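# What would the 3D arrangement of this be:
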Amino acid sequence: MSHANTEPGEASDDANAPIPAKEALLRQLVRDKMDVIFGNPGTVEEGFLAALSHHPEIRYIFGLQESVVAGMADGYARVTHRPAVVQVHSAVGLGNAMAMLYQAHRSFTPMVVFAGEVDTRLQAFDGFLGGDLTEIARPVTKWSVRVLHGPQLLRMWRRAVKVAMTPPQGPVFLALPMSVLDEVVEPDVHETSAVNWHVTPPAAAVEAIAKALVDTSNPLILIGDNVALAGAQGEVRQLSELVGAPVYGVDFGDLSASFKDPLFLGLVGHGFGEQTRAITREATAVLAVGTPLFPELFPSLKPYFRDDARLFQIDLNPWEIAKNYAVELGLLADPKAALQEITQAVLRLSTPEFQQKARGGRQRWSAHKRAQRAARQQAFDAVWDRSPMSASRMAEVVVACLPGNALVYDEAITSSDELLHYLEPSAADSYFLGRGGCLGVGWPGAIGAKLARPDRPVLALSGDGSALYIIQALWTAAREKLDIVFLVCNNRSYRILKVNLLHYWAERQECPGPFPFMDLTPEVRFDKVAEGFGVPGCTVVDAESLRAALESAFSSGGPHLIDVLIDGSVSEEVRMVIRSHSGCA
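Numbering: from 1, shown residues only. The predicted model follows:
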């Protein structure tokens, strides 16, 4: 059968018969089981999309704007632990996606992003929608390249997939001119190779770390998302219990530890270094696993560690090892394999004196966590009957109404602490926290998560400000008839900015004043906006109406939006703390 008589997607008598490069790419996707494409159609991608329509085994998830498209792909990749495929439209579509690509790059999400371009013979005219796409994408990707010849396409595509999946994982970008996609090629389709990164550290290094943990008086373990990537949650818990060390999450968007673990004391935060120093400053030996040190907006210029503290860092990302702080040992290794070896070494070095010391550490830090939770609950109880409803009351109701196998995608911002207090997520892949510094990742990410796990009910929480960045994501949920409950934590303000401004005033010894440009007035009717996109919506103002709305949404199927009006004030108690530091009390 000649190529001229073969329709797109139609099987040839000869699997190696020449076909358009775009058809070869689709066959490569099928070969690698990359059967979902997140995209927004555009003129220069029309030929590819026409060919795609003949491949029902590949699902095209239509988003109304490229930031939503990239955000959905980010959630899908996080849940599947595989690279997501993203199609954006030319230079302007890539521009629309840049914020989400930034956060995917900062949070190491594997994505293969491509955009169409005009025929290579026309690019010298510098016409409509033109631009140097590879240079636009380069700052927010691991690798950015233009494919210039059809026979190069599959080789470079497979390389892109390999690069995206090799730690440190992240997005890659390919510019695909129309002429390249239309060029007739011999399809060299085979499975994409992957790099095995499950590397065990040297025995001498393992022994040195284990001995330091056994000899020290106040050990500390810091963890990040590469612990979750390696599936090393159990190993973290075993080692922390063995040496009696508290564990804190640093770069923590995926669930690298159980919040129910008595030695997991929570997250250090991404805001202010002084808050982190309060945790790290007294440790005598620090083991950082799978995390940068420290990804903060405002790092402290003061020392984070004691002068005599021993610092060890294990990660899959060589850039992050000893990037900001000198380490005694920095190991490029699989966190799971490394922790297993260190645990065995500690057991070999264990003595009765060490076991007694570790037992004391476990008792001390478990009691510390119980006291923290009790104090936090007391603070929540003090505002239990507040109107508008407090974020803590909202969180308690939400958690009480969750189905048992629910997946929670959290971009609640200033309500996340309250949610985590009641939720205490523990099962791997049951909770995902917005990460990377870009607002608006929560709802698109939840759509991607639901597409990855259609068997699980999904709750997607967002602050009102962040929801407005990507509100059109609701349309995709309606189009795909996805069972997702979108919940707006609506404090009618950029409350996080108010909290940050209080810190700014305190650091500069200034008295607090009015909050400029941080209130969202006029108020947005999220329920009406949702209905305009085809998603049923309601607004609730108290705990009982929230409970009823959640029960109805989870039981009736399809997407639903619940706009929860909560207290957005920066409490007088917080202001008093700030004033006491600034001399304005």
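
# so where's this protein uncertain?
The chain contains residues with pLDDT under 70 at 1-13, 572-585.

# most centrally placed residue in it?
Among the residues of the chain, the one closest to the centroid is Arg435, at 4.3 Å (C-alpha atoms, centre = their mean).

# Name the nearest residue to that one, ignoring sequence neighbours.
Gly253 (3.2 Å; C-beta to C-beta, 6 or more residues apart in numbering). Heads up, the C-betas are built off the backbone N, CA and C, glycines and all.

# Thought Gly434 was touching that neighbour, still the case?
Yes. Gly253 lies in contact with Gly434 (C-beta atoms under 8 Å); the separation is 7.0 Å.

# Which one of the two is surrounded by more residues?
Using other C-beta atoms under 10 Å as the criterion, Gly253 and Gly434 rank with Gly434 on top: 28 against 24.

# Show me which residues of stretch 222-239 are buried.
Neighbour-count burial for stretch 222-239 flags 222-230, 232-233, 235-237, 239 (criterion: 16 or more other C-beta atoms under 10 Å).

# Based on its surroundings, how many neighbours for Arg348?
A count of nearby residues for Arg348, using other C-beta under 10 Å, gives 10.

# Helix or strand: which one has it?
Per DSSP states H and E, Arg348 falls inside helix 335-349.

# Can you tell me what sits against that helix?
Contact partners of helix 335-349, identified using C-beta atoms under 8 Å, 6 or more residues apart in numbering, comprise 198-201, 203, 206-207, 209-211, 213-214, 226-227, 229-232, 235-236, 238-239, 242-243, 287, 289-290, 314-316, 331.

# In CSV, please show the C-alpha coordinates belonging to it.
Coordinates of the C-alpha atoms in helix 335-349 are reproduced here as CSV (Å, rounded to 0.1, in the frame of the first residue of the first chain):
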residue,chain,number,x,y,z
PRO,A,335,16.9,8.4,49.1
LYS,A,336,15.2,5.0,49.6
ALA,A,337,18.4,3.0,49.1
ALA,A,338,20.5,5.4,51.1
LEU,A,339,18.1,5.4,54.1
GLN,A,340,17.9,1.6,54.1
GLU,A,341,21.7,1.4,54.2
ILE,A,342,22.0,4.1,56.9
THR,A,343,19.4,2.3,59.1
GLN,A,344,21.2,-1.0,58.9
ALA,A,345,24.4,0.7,59.8
VAL,A,346,22.8,2.4,62.8
LEU,A,347,21.5,-1.0,64.0
ARG,A,348,25.0,-2.4,63.7
LEU,A,349,26.4,0.5,65.8
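
# So in this structure, which helix runs the longest?
In the chain, ranked by residue count with DSSP state H as the criterion, the top helix is helix 352-382.

# Past it, which element shows up next along the chain?
Downstream of helix 352-382, the first helix or strand assigned by DSSP H and E is helix 391-401.

# For that following helix, which helices and strands make contact with it?
Using 3 or more C-beta pairs under 8 Å, 6 or more residues apart in numbering; DSSP states H and E as the contact criterion, the neighbours of helix 391-401 among helices and strands are helix 352-382, helix 416-423, strand 484-490, helix 543-556.

# one more time with 10 Å
Using 3 or more C-beta pairs under 10 Å, 6 or more residues apart in numbering; DSSP states H and E as the contact criterion, the elements in contact with helix 391-401 are helix 352-382, helix 416-423, strand 458-463, strand 484-490, helix 543-556, strand 560-565.

# distance of the residue nearest to Arg435 from Asp35?
Noted for Gly253: a distance of 25 Å to Asp35, by C-beta to C-beta, to the nearest Å.

# again with Val397
When C-beta to C-beta is applied, the distance between Val397 and Asp35 equals 38 Å.

# likewise Asp429?
As it turns out, when the distance is counted by C-beta to C-beta, Asp429 lies 20 Å from Asp35.

# More neighbours: these two, which one.
When neighbours are counted by other C-beta under 10 Å, Asp429 and Asp35 differ, and Asp429 comes out ahead with 18 against 12.

# thinking that one is in contact with Val79, fair?
Yes. Under the contact definition of C-beta atoms under 10 Å, Asp429 touches Val79, with a separation of 6.3 Å.

# residues contacting the residue nearest to Val79 when sequence neighbours are not counted?
When the adjacent residues along the chain are set aside, Val79 lies closest to Ala452, with 3.9 Å between them (C-beta to C-beta, 6+ apart). Contact partners of Ala452, counting by C-beta atoms under 10 Å, 6 or more residues apart in numbering, are 36, 75-82, 84, 407, 429, 458.

# what do you get if the cut-off is 8 Å, keeping everything else the same?
Gly75, Tyr76, Val79, Thr80.

# Can you list phi and psi of it for me?
In this entry, Ala452 is assigned phi and psi values of phi -70, psi -30 (degrees, to the nearest 10).

# Gly557 versus that one, what's the distance?
Using C-beta to C-beta, Ala452 is found at 18 Å from Gly557.

# cool, and Gly465?
Applying C-beta to C-beta, one obtains 29 Å for the distance of Gly465 from Gly557.

# possible to save the helices and strands packed on helix 391-401 as a markdown table with distance to Glu183?
Conversion of the helices and strands packed on helix 391-401 to a markdown table gives the following (distance: least, C-beta to C-beta, whole Å):
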| stretch | distance to Glu183 |
| --- | --- |
| helix 352-382 | 61 |
| helix 416-423 | 49 |
| strand 458-463 | 41 |
| strand 484-490 | 41 |
| helix 543-556 | 49 |
| strand 560-565 | 46 |
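
# These: which one's closest to Phe526?
Within these, the stretch nearest Phe526 is strand 560-565; the backing value is 4.1 Å (C-beta to C-beta).

# elements contacting the closest one?
Packed on strand 560-565, when contacts are counted by 3+ C-beta pairs under 8 Å, 6+ apart, are strand 484-490, helix 526-532, strand 537-540, helix 543-556.

# Show me the one of the ones you listed that comes nearest Phe259.
If you check each of these against Phe259 by C-beta to C-beta, strand 484-490 wins as the nearest, at 19.1 Å.

# which residue sits closest to Asn527 in space, ignoring its chain neighbours?
Careful, residue 527 is Asp and not Asn. Once flanking residues are discounted, Asp527 sits nearest to Gly537: 3.4 Å by C-beta to C-beta, 6+ apart.

# Enumerate every residue touching that neighbour.
Remark: with contacts taken as C-beta under 8 Å, 6+ apart, Gly537 is in contact with Phe526, Asp527, Lys528, Val529, Ala530, Glu531, His560, Leu561, Ile562, Asp563.

# Just the buried residues of the residues you listed.
When these are checked for burial by 16+ other C-beta under 10 Å, the buried set is Phe526, Asp527, Val529, Ala530, Glu531, His560, Leu561, Ile562, Asp563.

# and these as TSV, adding distance to Thr141?
Compiled in TSV, those are given as follows (distance: C-beta to C-beta, whole Å):
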residue	distance to Thr141
Phe526	33
Asp527	38
Val529	33
Ala530	33
Glu531	37
His560	35
Leu561	33
Ile562	36
Asp563	36
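
# Fine, thanks again, bye for now.
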